[in-house]
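**Student:** just a sequence and a predicted model for now, questions to come.
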Amino acid sequence: MTRPAPVVSTVTATSPEGRPQAKRPKAEQRKIVRRIVDGVLLLDKAQGSSSNHALQAARRLLNAAKAGHTGTLDPMASGLLPLTFGEATKFSQMLLDADKTYEAVVQLGVETDSGDADGRVIATHAVSVSEARLAEVVAGFRGDIEQVPPMYSALKRDGKALYEYARQGIEVEREARRVTIHALDLLDFAGDRFSMRVACSKGTYIRTLAMDIGAALGCGAHLCGLRRTRIGPFDVCEAVTLERLESCPAEERDALLAPVDTLVREFGEVLLEAEQAAWLLQGRTLRLVPSGTPGPVRAYGPQGFLGLACWQADGTLAPRRLIATGALQRPTHPHDMD
């Protein structure tokens, strides 16, 4: 990349009599020049840090031009936070829609306005719950359940996040949403506190789950600890911390990034010749023999990953979401293409 020339501005000074004097340059301001970085960083976010703070810290350490994340994680929570850079940002939605797994700690007998430990205590109750009773109640939350999203959430109402209303002391009506709890296992029980592992669909609020379990037990509850351990095919054991990224020499940090196609590795693949790849990158639909099963597929050409394509019911391959690659030569004999 060519470094742009620094911008130097000038000001016109005046004498005590009001006459203009010679112009003098302001202090030169240096513009940060970011690198083009493509890839995925599986980050193990620390507790107490916001998702955006973690993203910006990683972006600064990699000096990346473009960065994004695949869904936020509350500041009080730790765990897996995949960050995307460059062309990988085009596939962030894949993980937003993915199932997730959490390990949570729930405090019984104390309710807070936010449903977690960061909130204000609004009620306390005596706790007299047996492990058998807890297991019985927890079993009722497995499978498809209805959840009312918490007020302290980023969901929008009339263009305004719910947490903004909550901070003003305003509670608005929210419709219950159906989510799926694929697995819910008790890990530990200590009288007024328990821990659980939850595997769930997208859109599930673990805070709400904790509060609903407390309500079903008749003593109230709030979430006092949360760690995300899995998103789709990715496990937190694959992740790195910001401390590790920072301690790594700058020239070696890119090696911690997974390739762009990591986010779509659950799909099958199709290998294209140079001519076929060129047509796909131009938005054309290809007719290949044999065709694949209808649905998304990873497309590769001689230069590597091209993006996502989709087999159609009629046997053609259509572009779905492609990445920016070097220009490929236009095919001269499109005998097997539409």
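**Tutor:** Thanks, I have the structure now.

**Student:** wait, a strand at residue 210?
**Tutor:** No: assigned with DSSP: H, G, I helix; E, B strand; the rest coil, residue 210 falls outside any strand and is helix.

**Student:** where does this protein dip in pLDDT?
**Tutor:** Filtered on pLDDT under 70, the chain yields the residue ranges 1-30, 325-338.

**Student:** repeat the analysis, applying 80 as the threshold.
**Tutor:** Across the chain, the ranges flagged by pLDDT under 80 are 1-32, 151-163, 165-166, 168-170, 172, 325-338.

**Student:** show me where it has helices.
**Tutor:** Here the chain has its helices, by DSSP state H, at 51-62, 93-96, 131-139, 162-167, 206-217, 242-247, 274-281.

**Student:** send the alpha carbons of the fourth one over as PDB?
**Tutor:** Read that as helix 162-167. Extracted in PDB, the C-alpha atoms of helix 162-167 (Å, rounded to 0.1, in the frame of the first residue of the first chain):
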ATOM      1  CA  LEU A 162     -34.200  -1.600  25.000                       C
ATOM      2  CA  TYR A 163     -31.400  -1.000  27.400                       C
ATOM      3  CA  GLU A 164     -31.700   2.800  26.700                       C
ATOM      4  CA  TYR A 165     -35.300   2.600  28.000                       C
ATOM      5  CA  ALA A 166     -34.200   0.500  31.000                       C
ATOM      6  CA  ARG A 167     -31.600   3.100  32.000                       C
END
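
**Student:** check which residues of that helix are buried.
**Tutor:** Buried residues in helix 162-167, counted by 16 or more other CB atoms under 10 Å: 162, 165-166. Glycine gets a C-beta too; all of them are placed from N, C-alpha and C.

**Student:** the shortest one now?
**Tutor:** When burial is assessed from 16+ other CB under 10 Å, helix 93-96 yields the following buried residues: 94-95.

**Student:** could you do the third one as well?
**Tutor:** By neighbour count on 16+ other CB under 10 Å, the buried set for helix 131-139 is 134, 137-138.

**Student:** can you tell me which of those residues is nearest residue 102?
**Tutor:** Relative to residue 102, the closest of those is residue 138; by CB to CB it sits at 14.2 Å.

**Student:** so the closest one is in contact with residue 189, correct?
**Tutor:** No: with contact defined as CB atoms under 8 Å, residue 138 does not reach residue 189; the gap is 10.2 Å.

**Student:** enumerate every residue touching residue 250.
**Tutor:** By CB atoms under 8 Å, 6 or more residues apart in numbering, the contact set of residue 250 is residue 61.

**Student:** for residue 90, give me its contacts.
**Tutor:** Here residue 90 is in contact with 307, 321, 323 (criterion: CB under 8 Å, 6+ apart).

**Student:** please report the distance of it from residue 302.
**Tutor:** Going from residue 90 to residue 302 by CB to CB, to the nearest Å gives 21 Å.

**Student:** residue 138 and residue 129: what is the separation?
**Tutor:** The value you get for residue 138 to residue 129, if CB to CB is used, is 11 Å.

**Student:** closest one to residue 206 out of the contacts of residue 90, please.
**Tutor:** residue 321 (30.1 Å).

**Student:** burial count for that closest one?
**Tutor:** Residue 321 has 15 neighbours, counted by other CB atoms under 10 Å.

**Student:** mind listing what it touches?
**Tutor:** By CB under 8 Å, 6+ apart, the contact set of residue 321 is 90-91, 307-308.

**Student:** okay, and the beta partners of the closest residue to it other than its chain neighbours?
**Tutor:** Among residues not flanking residue 321 along the chain, residue 308 sits closest, at 4.6 Å (CB to CB, 6 or more residues apart in numbering). Under DSSP bridges, the beta-bridge partners of residue 308 are residue 298, residue 321.

**Student:** can you name the residues that contact residue 308?
**Tutor:** Per CB under 8 Å, 6+ apart, neighbours of residue 308: 91, 264, 267, 296-299, 320-322.

**Student:** now the helices of the chain in TSV, with distance to residue 224?
**Tutor:** Below are these laid out as TSV (distance: least, CB to CB, whole Å):
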stretch	distance to residue 224
helix 51-62	20
helix 93-96	26
helix 131-139	16
helix 162-167	19
helix 206-217	9
helix 242-247	24
helix 274-281	50
